[in-house]
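Engineer: attaching a predicted model along with its sequence, questions to come.
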Amino acid sequence: MVVLDSAQHVNECASWREQLRSYKNEMGQLSQQLQLMAVNQRNKETLTEVEHFQNQFYIQQINIHDLKQSIKLHERKLHLEAAANAGGVASDDTINKHEELYNEYKNLDHTLQELKDDFKTFLSRS
């Protein structure tokens, strides 16, 4: 995914941040769904799983926030480099950081999908 155009990098960052906003909202909705489901639960094993999912939703919302902030800072750097370089070419360090952020984004995406799948399975059992 090596691309030298800063404008394309900025567009990718904006797309990632938009998807992360969507994930954050989705984690909030799943958390609310969990709370509603847990209201009348008395089974200790089920309550343990409820606590696990509450913790995971909270942790993932923090992870989403942190990655979103990292991408936002990276996007600012891309804008600064584009302004400084008339050609709009990103530096090697910036390209490497972009690739790192992309990998973090994909890993988080995978983690969130697994969490959603696990939660769906949990709900179907409860």
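Structural biologist: In hand now; what should we look at?
Engineer: pull the longest helix from the chain.
Structural biologist: helix 44-84 (DSSP state H).
Engineer: next SSE after that one?
Structural biologist: Proceeding N to C from helix 44-84, the next assigned helix or strand is helix 92-125, under DSSP states H and E.
Engineer: and that following helix, which residues are buried?
Structural biologist: Residues of helix 92-125 classed as buried by neighbour count (16 or more other C-beta atoms under 10 Å): 94-95, 97-98, 101-102, 104-105, 108, 112, 115, 119, 122. (C-beta placed from N, C-alpha, C; glycine too.)
Engineer: angle of the longest helix of the chain against helix 92-125?
Structural biologist: Taking axes from the mean of the first three to the mean of the last three C-alpha atoms, to 10 degrees, helix 44-84 and helix 92-125 form an angle of 160 degrees between their directions.
Engineer: now helix 44-84: mean pLDDT?
Structural biologist: Mean pLDDT, computed over helix 44-84, is 94.
Engineer: just checking, what packs against that helix?
Structural biologist: helix 6-38, helix 92-125 (3 or more C-beta pairs under 8 Å, 6 or more residues apart in numbering; DSSP states H and E).
Engineer: distance to residue 78 and mean pLDDT added to these, as a markdown table?
Structural biologist: Output for the helices and strands packed on helix 44-84, formatted as a markdown table (distance: least, C-beta to C-beta, whole Å; pLDDT from 0 to 100):
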| stretch | distance to residue 78 | mean pLDDT |
| --- | --- | --- |
| helix 6-38 | 5 | 94 |
| helix 92-125 | 7 | 96 |
